[in-house]
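Participant: sequence and computational prediction follow.
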Amino acid sequence: MTTRREFLVLAGAAVAAPAVVEAQIDPNQAEKRKAAFAEALHRVVGDARVRRGRVKLQLPPLIDNGNSVPLSVSVESPMTPADHVKAIHVFTEKNPLPDVISVHLGPRSGRAYLATRIRLADSQTVLAIAQMSDGSFWSDGAEVVVTLSACLEEGLI
């Protein structure tokens, strides 16, 4: 016969055990995020060559809180029917979902500029890619150090 005290200890351990298992980090998390980043990038550019230049990505190099990170992207383009930016895509290397935002533009947009706030899960590289009307892709990247992470995956404390 178990005492009331022993029963409560056993019941508490049974309730706490699934929470401990649920809060463990997947040991392959870095590889999974790297594969998700490569897949998201391939969905946008396919096998096309991405060149550096024409795109200017601006965000602070040090972020205190990853929940609200200011970001702006501008692209050098005359925005004419013959030469304009079709889309601006922003990707993150270590977020659970690497494709952060995609904005589709046209020649009547006036200028190729995007300003918003994003969430960052960890210190990482942020990549902006501009898709031009001639089919070319241009990019810029920035390293960001995040002191308080956001975007924690479900099950993590």
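Facilitator: Done, it's in.
Participant: show me what the residue most central in space within the chain is bridged to.
Facilitator: By C-alpha atoms, centre = their mean, the chain has its centre lying nearest to Thr92, at 3.2 Å. With beta bridges defined as DSSP bridges, Thr92 has these partners: Val126.
Participant: check contacts around it.
Facilitator: By C-beta atoms under 8 Å, 6 or more residues apart in numbering, Thr92 lies in contact with Phe37, Pro98, Val100, Ile118, Leu120, Ala121, Gln124, Thr125, Val126, Leu127. Bear in mind the C-beta positions are built from the backbone N, C-alpha and C, glycine included.
Participant: buried ones among those residues?
Facilitator: By neighbour count, with 16 or more other C-beta atoms under 10 Å, those hold Phe37, Pro98, Val100, Ile118, Leu120, Ala121, Gln124, Val126, Leu127 as buried.
Participant: closest one to Arg4 out of these, please.
Facilitator: Ala121 (44.7 Å; C-beta to C-beta).
Participant: which of the three states applies to that closest one?
Facilitator: coil (DSSP: H, G, I helix; E, B strand; the rest coil).
Participant: reformat the contacts of Thr92 as JSON lines; add pLDDT and distance to Val45.
Facilitator: JSON lines is the format used below for those (pLDDT from 0 to 100; distance: C-beta to C-beta, whole Å):
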{"residue": "Phe37", "pLDDT": "94", "distance to Val45": "12"}
{"residue": "Pro98", "pLDDT": "94", "distance to Val45": "13"}
{"residue": "Val100", "pLDDT": "94", "distance to Val45": "16"}
{"residue": "Ile118", "pLDDT": "95", "distance to Val45": "20"}
{"residue": "Leu120", "pLDDT": "93", "distance to Val45": "22"}
{"residue": "Ala121", "pLDDT": "88", "distance to Val45": "23"}
{"residue": "Gln124", "pLDDT": "93", "distance to Val45": "19"}
{"residue": "Thr125", "pLDDT": "94", "distance to Val45": "16"}
{"residue": "Val126", "pLDDT": "96", "distance to Val45": "16"}
{"residue": "Leu127", "pLDDT": "97", "distance to Val45": "11"}
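Participant: and after the helix or strand containing Arg5, which helix or strand comes next?
Facilitator: Element membership of Arg5 [criterion: DSSP states H and E] is helix 4-22. As assigned by DSSP H and E, the chain's next helix or strand after helix 4-22 is helix 29-45.
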